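In: Generate a structure from the sequence data that follows.
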Amino acid sequence: MTFRVTVLGAGSIGLFVGGKLAAAGAEVSFVGRPRLLDEIGAHGLRLTDLDGGDDRVAASGFRTETEPDSAATADLVLVTVKSAQTAQAAAQLRNRVRADTVVVSLQNGIGNDAAIREVLPTAVVSAGMVMFNVVHSGPGHFHRGTDGTVAVAGDPALSRFAPLFERAGLPLDRHQDLRPVQWAKLLLNLNNAINALSGRPLREELAARDYRRCLALAQDEALAAMRRARIRPARLTVLPPRVMARLLTVPDAVFERVAGRVLAVDPMARSSMADDLALGRRTEIDWLCGEIVELGRMVAVPTPVNARLVELIRAAENGDERRWTGPDLLAELRGAVAREATRPVSS
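Out: Next up, the predicted model:
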């Protein structure tokens, strides 16, 4: 059987995942901005990865559209837009998807599937996350720069698509409860803001102790808020989240020896947030560090580090081109903690 797949959000993640499915024999339609659609229409797709994989899909091997008309006949719709566009994307699908069409949110953040389900109450909506980084490396060329899987909720409706993803080299990592995985991925994605502010590739940034100390501060706050909210993030790294947050602060040589796999990143890979800033687009900061700030408010746990990261990214979105050194950013975030400590307690 040939599955018909609509990818709503033709960015780096959507084009990589959808392109791999097309290479595996699916009929794939990409919905997105004309800029990227024109690019892949002219050059086709080349999909490479850090393990040496190299797939090519000619422009004749997929469809492109600016509105998700193909969703009306799709078996599977993958929503890969930025979190800020979730409601708009769901509205585009209303009155298009059939009752038996499976819609999967492959997005960062918490609760995007619920937002889609609210707009599409009769559709089969499932949660998922792409756990790896994809770099736009050239015309039509998208490169997976880190390890990771396509994690999805253990929804029985996804079972029939598992062989397709397997053939595509993207076996579904199924979880009965995806929420702990989403919170764990959010912990890792707190580095997106730090990477974007650094202006450096991920490997270079993570190899520098002061940037890792910044990440540790952000994660410590997040873990404190999660603990108060009784949220237990899954273990996605070699060490549990709380231990990994401690390990981030050790000297570079120790970190490389103990957690070298964290640095197994393509030399040119950057966070998606860095890419958004480079293209002058709004970022997902409200669904990353902002999610921690909101959780902290709900459970009365201060989150000054994540709040300051939100402010710095907002400034960058508005034209501040400063590239923060590790020592300067660490001092800035520690200053936010100090100011919070001296703030009067409201009665």
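
In: switch to C-alpha atoms for all contacts and neighbour counts from now on
Out: OK.

In: Low-confidence ranges, the stretch 151-300 of the chain, go.
Out: Within the stretch 151-300 of the chain, the stretches with pLDDT under 70 are 263.

In: hey, where'd the helices end up in it?
Out: Taking DSSP state H, counting those that start in this stretch as the test, the helices found in the stretch 151-300 of the chain are 162-167, 179-189, 191-198, 202-206, 209-228, 241-247, 252-258, 272-278, 289-299.

In: what's around Gly41, how many residues?
Out: Residues near Gly41, counting by other C-alpha atoms under 10 Å, number 17.

In: Contact partners for it?
Out: 59, 64 (C-alpha atoms under 8 Å, 6 or more residues apart in numbering).

In: Just want the phi and psi numbers for it.
Out: Note on Gly41: backbone dihedrals following degrees, to the nearest 10 are phi -70, psi -30.

In: which residue is nearest the middle of the chain?
Out: Asn108 (4.0 Å; C-alpha atoms, centre = their mean).

In: Could you look up the SS state of that one?
Out: Applying DSSP: H, G, I helix; E, B strand; the rest coil to Asn108 yields a three-state assignment of coil.

In: Can you pull out the residues in contact with stretch 268-278?
Out: Residues from elsewhere that reach stretch 268-278 (C-alpha under 8 Å, 6+ apart): 133-135, 145, 192-193, 195-197, 199-203, 282-285, 316-317.

In: Return the set of buried residues in that stretch.
Out: 269-275, 277 (16 or more other C-alpha atoms under 10 Å).

In: Then stretch 111-120?
Out: Buried, per 16+ other C-alpha under 10 Å, within stretch 111-120: 111-113, 115-117, 119-120.

In: can you check stretch 60-74 too?
Out: Applying 16+ other C-alpha under 10 Å to stretch 60-74 flags 61-65, 68-72, 74 as buried.

In: neighbouring contacts of it?
Out: 3-6, 8, 22, 27-34, 37, 41, 44, 77, 92-93, 96-98, 101.

In: Among those residues, which ones are in strands?
Out: With strands taken from DSSP state E, the overlap with those comprises 4-6, 8, 27-31, 77.

In: Switch these over to TSV; also include neighbour count, pLDDT and distance to Val238.
Out: TSV is the format used below for those (neighbours: other C-alpha atoms under 10 Å; pLDDT from 0 to 100; distance: C-alpha to C-alpha, whole Å):
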residue	neighbour count	pLDDT	distance to Val238
Arg4	19	98	37
Val5	26	98	34
Thr6	30	98	35
Leu8	29	98	33
Glu27	19	98	37
Val28	25	98	35
Ser29	27	98	37
Phe30	28	98	35
Val31	28	98	37
Val77	26	98	33
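
In: Distance to Leu329 for those - can I get that in TSV?
Out: Supplementary listing: the ones in strands among the contacts of stretch 60-74 in TSV, determined by distance: C-alpha to C-alpha, whole Å:
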residue	distance to Leu329
Arg4	47
Val5	43
Thr6	41
Leu8	36
Glu27	46
Val28	43
Ser29	42
Phe30	39
Val31	38
Val77	40
